[in-house]
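S.K.: quick one: sequence plus predicted model below, questions after.
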Amino acid sequence: MDRERERKLLEKLDPYGEPYGQSLLRYFVPTQKEDPADAELVSHKLMIRAGLIRKLAGGIYSYLPFMLRSMRKLERIIRSALNTRGAQELLLPAVQPYELWRESGRDKKYGPELLRLKDRHDRDFVIGPTHEEVITDIIRHEIHSFRDLPLNLYQIQTKFRDEIRPRFGVMRGREFIMKDAYSFDEDEDSAGKSYQDMYDAYTEIFSRCGLNFATVEADSGAIGGSYSHEFMVLAESGENNLVFCNHCSYAANQEKAELLSYKFIKGQKGTLEKVYTPNCRHVDQLAKFLKVPEATIIKSMLFIAEDNSPYLVLIPGHREINTIKLQNALNGVPMRLAEPNEAESIMGVPMGFVTPVGAKVPIIADNMIKEMAQGVVGTGEKDYHFIGAAPGRDFTVHSYFDLALATEGDPCPRCGGELSFKKGIEVGHVFKLGTKYSEALGAKVTRKDGSETPIIMGCYGIGIGRTIAASIEQSHDKDGIIWPVALSPFEVALIPLQVQNDSLMEKTYKLFNELIDATLEVLIDDRDERPGKKFKDADLLGLPYRVTVSEKSLAKDECELKERASGKITMLPIASASEYLKALRDKALN
RNA sequence: CGGGGCGUGGCGCAGCCUGGUCAGCGCGAAUGCUUUGGGAGCAUUAGGCCGGAGGUUCAAAUCCUCUCGCCCCGACCA
C-alpha cells in the first residue's frame, strides 16, 4: 500500500488522538503461529502470539501497540470512575530517596524486593514498588488543615518490584504498570466513606471491563493497615484460592478466611504413653500406624521469627498452617518455617519428632488443639511418639489463635454455612491504611477544635497489565483471544478477501470509512494473504466483530459479520452494516 | 535461596550419551510462477561467533570446569 492511502486510513482520530482505523499492512502486531517455549499460562502464550508483548529480561516486558491500545482503554475506564468520585490524577517520581523508606520503617519490611540504586554521589535511592511514602511526604508538607480534606490522589505509573520469581509474563512481572490511589481523611467516619467510594469505583471499573470478578476480604500484608478487599478475576489458573460461603455473601481470600466454629475433637482424657513408631515421619504414616484419625495427631512445627527467636507452632495433623494468620497473631512479625538442620540444632531431634512436652521455646497453638483430649505428639526421641497427650496437662501452650488454613467444607465464620473454593487473579486491592504512614512520616492536620490529628489514609491499587492478562486468561479459546468489547484494542476486524479486485477494495474502503465515521474502531486486513491466514489471524487477535467482504457476499451487496465470542454469523446489507455494528457495539458497552 | 530442566538462523526444535561429511529440520522471511472462504504448491535465495570464557584433544555444538541468561516446582509476594 502506498503511503498516501495509508495516511488516509489514519486520518480520523478519536478524542484521545488514537486513530479509529489501522491497516494490518502497516500495523505493528507481530503474530506468531507457534507457542513460545518459555510461557506456561494461556494468556501469556496468547499475548506473545498475538503480538501484545515481548520480553526484554526476566519479568520485564515491552508493551507493543496492540497491547497499549487495550491498556489505554482500561486506563480511561479507571480515570472516569475515579475522576467522577473526586479523585485527582498526578504523577509521582519513580525514583525515590531511600531515606524515606527508612523513615516509614519499610526499608526492612520490603527487603530484597526493593530495587536499590546509588546516584553518582553515592546517595541511596530505590525504584518505587509503591508510593505511600512519596505521597505522604507531599501531604505532610502541603496539607495542614481539616479544611483541605478529604483528598484522594492517584496516578498510573510504572512500578518495580524485584520479585523472587517473576512468572506468567505480565501477570507477575517485576516491572509493571499500576494505578495507585491514596485517600486522606480527618476521621474514621470520613475515611470509611473514602474507602467505600473506591470500593464502588472498583466495582464499576471491573464491571465496565466486562470481567467476571469477585470481591473478597483480604489480608492487608506488607502494605500494612487494618482492613482490605481484593478484586479477583475468576479463572482456573488464578494463583489465589478464594473461599465463598454457600449460604451468605461471605467471600475471602483463603489466607484471610477465618475459622471460628470448629468441630472440636473432644473426648475423655487418657494417660500419656510413649509408644514405638518406626518409620513414621509424616502424619499420614503415623495415623495409619497408630490407627487414629489424622486430626488427633498434633503437628509440632518450628518457626523462626525475623529476630531469630524460635516458636513452636502446634496444629492438628489434618490441617495446614496459614502463615499469614501466624504472622498476624504475632503482631505481623515475619515468620518462616525452620530448615531441618535448624530444627534439629534448636530442638535436639530431627523434624518430625519435635515435641511440645517440656519444650523450652514458646508454644503457640491452633484453637483446635485447645480441647483435644488424646493427642499424639512427638517425644523428642527418634521413632517414638506420645499418645494420649492433653494440652495444659502434658505441655504448656502460651496462646491459642486461629492458625489453620481454611479448607473446602469448613464452616463460614459469618453464618456457619459451608465454604467452597474458587481460583482468582488479583487485579485490584483496596486498603484502609489508618495512620501507619501519616504517623511515621508526621502527616497531620489541625481539626476544627484546634487539636492536631494524624491523617487517616487509604490506598487503592489496580494492576493495568495484569488486568489485561487476566481478561485474556478468563476469555479465550483454542484459536486465540476473545476480547470483551470494552478492552478490545479495536472493535471490528474488516477482512476483504480478494484484495486484487479493485471494485471490491473500493467498496471495502468505503465500508471502512462508514465504520469509523460511526466511531467504530477498525483494523482492516488488506494484506494480500490467503483467506485462511486472515481468518486465523483474526481469531488470534480476537476482536469482537469480524466483517468479511468477498466477491460472493458482494454479489448480494452484503458482508458477513462473525461475532468472536459466540461464533454467530449474520449477513448484513453492506449499506447498513456500520449502523448495525454501532448498535451492537453500543449495546455491549452498557 | 533450595530442587529440576533448558540455551543450536527471527520462532519451534533435532544433533550431544558413543568427539571426526552435524551445522540440519519445520515454521517464518525474500523472489518468481501458479493458487485464493479457514494458516496453499513448486522453484530459487538469504540468514547461525551452536549463550560466554577457559580447558582436554590431532580434532569440540558434542567431553570437563567456571560463568551468564531463561523456564518449571517450592518458600515469598500486589
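M.R.: Perfect, thanks for sending it. Numbers count the residues shown, from 1 in each chain, chains lettered A, B, ... in the order given.
S.K.: does A:Leu511 count as helix, strand or coil?
M.R.: Using DSSP: H, G, I helix; E, B strand; the rest coil, the three-state assignment for A:Leu511 comes out as helix.
S.K.: may I have the predicted confidence score for it?
M.R.: On pLDDT, A:Leu511 comes in at 97.
S.K.: and it, how many neighbours does it have?
M.R.: 24 (other C-beta atoms under 10 Å). Any C-beta I mention is one placed from the backbone N, CA and C, and that applies to glycine too.
S.K.: which bits of the stretch 401-550 of chain A sit near RNA strand B?
M.R.: Contact residues, the stretch 401-550 of chain A versus RNA strand B (C-beta under 7 Å from any atom of the strand): A:426, A:429, A:461, A:463, A:466, A:479, A:497-498, A:500, A:530-533, A:535-540, A:548, A:550.
S.K.: ok, now the stretch 151-300 of chain A?
M.R.: Among all residues of the stretch 151-300 of chain A, those adjacent to RNA strand B (criterion: C-beta under 7 Å from any atom of the strand) are A:161, A:163-168, A:172-174, A:176, A:178, A:221-223, A:230, A:239.
S.K.: now, of these, which are buried?
M.R.: When neighbours are counted using 16 or more other C-beta atoms under 10 Å, these contain these buried positions: A:161, A:163, A:166-168, A:172-174, A:176, A:178, A:221, A:223, A:230.
S.K.: among those residues, which are in strands?
M.R.: Counting by DSSP state E, the members of those that fall within strands are A:176, A:178, A:230.
S.K.: and which of those is nearest to RNA strand B?
M.R.: RNA strand B lies nearest to A:Phe176 out of those, by C-beta to the nearest atom of the strand, at 4.5 Å.
S.K.: wait, doesn't that closest one sit right on A:Arg466?
M.R.: Yes: contact criterion C-beta atoms under 8 Å: A:Phe176 and A:Arg466 qualify, at 6.9 Å.
S.K.: intersection of neighbour lists for the two?
M.R.: Both A:Phe176 and A:Arg466 are in contact with A:Val170, where contact means C-beta atoms under 8 Å, 6 or more residues apart in numbering.
S.K.: domains of chain A?
M.R.: Annotated domains of chain A cover A:3-29+A:490-588, A:69-258+A:419-472, A:273-401 [automatic domain parsing].
S.K.: closest one to A:Pro36 among the ones you listed?
M.R.: The minimum distance between A:Pro36 and the domains of chain A falls on domain A:69-258+A:419-472, with 9.3 Å, by C-beta to C-beta.
S.K.: what's the first-to-last distance across that closest one?
M.R.: This stretch, domain A:69-258+A:419-472, spans 15 Å end to end (C-alpha to C-alpha, to the nearest Å).
S.K.: likewise stretch A:13-24?
M.R.: Distance between the boundary residues of stretch A:13-24 (C-alpha to C-alpha) amounts to 17 Å.
S.K.: mind listing what's buried along it?
M.R.: Burial within stretch A:13-24, assessed by neighbour count using 16+ other C-beta under 10 Å, is assigned to A:19-24.
S.K.: now, the most widely separated pair of those?
M.R.: Within the buried residues of stretch A:13-24, two members stand farthest from each other by C-beta to C-beta: A:Tyr20 and A:Leu24, at 14.9 Å.
S.K.: determine the longest helix present in chain A.
M.R.: Taking DSSP state H as the criterion, chain A has its longest helix at helix A:188-208.
S.K.: next secondary structure after it?
M.R.: For helix A:188-208, the succeeding helix or strand toward the C-terminus, using DSSP states H and E, is strand A:213-217.
S.K.: what helices and strands are in contact with that next one?
M.R.: Applying 3 or more C-beta pairs under 8 Å, 6 or more residues apart in numbering; DSSP states H and E, we find strand A:213-217 packed against helix A:188-208, strand A:227-234, strand A:240-245, strand A:251-253, strand A:419-434.
S.K.: ok, now with 7 Å
M.R.: Applying 3 or more C-beta pairs under 7 Å, 6 or more residues apart in numbering; DSSP states H and E, one finds that strand A:213-217 contacts strand A:227-234, strand A:251-253.
S.K.: tell me what angle that strand forms with strand A:227-234.
M.R.: Relative orientation of strand A:213-217 versus strand A:227-234 (axes from the mean of the first three to the mean of the last three C-alpha atoms, to 10 degrees): 150 degrees.
S.K.: by how many degrees do strand A:213-217 and strand A:419-434 diverge?
M.R.: Relative orientation of strand A:213-217 and strand A:419-434, computed by the same axes, to 10 degrees: 70 degrees.
S.K.: now what about strand A:213-217, what contacts it?
M.R.: For strand A:213-217, contacts defined as C-beta atoms under 7 Å, 6 or more residues apart in numbering pick out A:203, A:206, A:229-234, A:242, A:251-253, A:256, A:424.
S.K.: how far off centre is it?
M.R.: In this view, strand A:213-217 has its centroid 11 Å away from the chain centroid, taken as C-alpha atoms, centre = their mean, to the nearest Å.
S.K.: how about it: buried residues?
M.R.: In strand A:213-217, the ones that count as buried by 16+ other C-beta under 10 Å are A:213, A:215-217.
S.K.: and stretch A:176-188, by the same measure?
M.R.: For stretch A:176-188, the neighbour count (16+ other C-beta under 10 Å) marks A:176-186 as buried.
S.K.: name the nearest of the residues you listed relative to A:Glu339.
M.R.: Among these, and counting by C-beta to C-beta, the member closest to A:Glu339 is A:Phe176, at 31.9 Å.
S.K.: list the contacts of A:Gly173.
M.R.: Each residue near A:Gly173 by C-beta under 7 Å, 6+ apart is listed here: A:59-61, A:166, A:465.
S.K.: point out the least confident one among those.
M.R.: Within those, pLDDT is lowest for A:Pro166, at 87.
S.K.: residue nearest the middle of chain A, spatially speaking?
M.R.: For chain A, the residue sitting closest to the mean C-alpha position, by C-alpha atoms, centre = their mean, is A:Glu426 at 2.1 Å.
S.K.: mind listing the residues bridging to that residue?
M.R.: Partner residues in beta bridges with A:Glu426: A:Met232, with DSSP bridges as the criterion.
S.K.: surely it and A:Val233 touch.
M.R.: No: counting by C-beta atoms under 7 Å, A:Val233 is not a contact partner of A:Glu426; they are 8.1 Å apart.
S.K.: residue ranges of the strands in the stretch 451-590 of chain A, please?
M.R.: Residue ranges of the strands in the stretch 451-590 of chain A, as given by DSSP state E, counting those that start in this stretch, are A:452-454, A:456-463, A:476-477, A:480-481, A:492-496, A:522-524, A:545-549, A:558-563, A:569-573.
S.K.: next, format these as CSV and append distance to A:Arg106.
M.R.: Formatted as CSV, the strands of the stretch 451-590 of chain A follow (distance: least, C-beta to C-beta, whole Å):
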stretch, distance to A:Arg106
strand A:452-454, 17
strand A:456-463, 13
strand A:476-477, 38
strand A:480-481, 38
strand A:492-496, 47
strand A:522-524, 45
strand A:545-549, 48
strand A:558-563, 49
strand A:569-573, 56
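S.K.: no further queries at this time; thank you.
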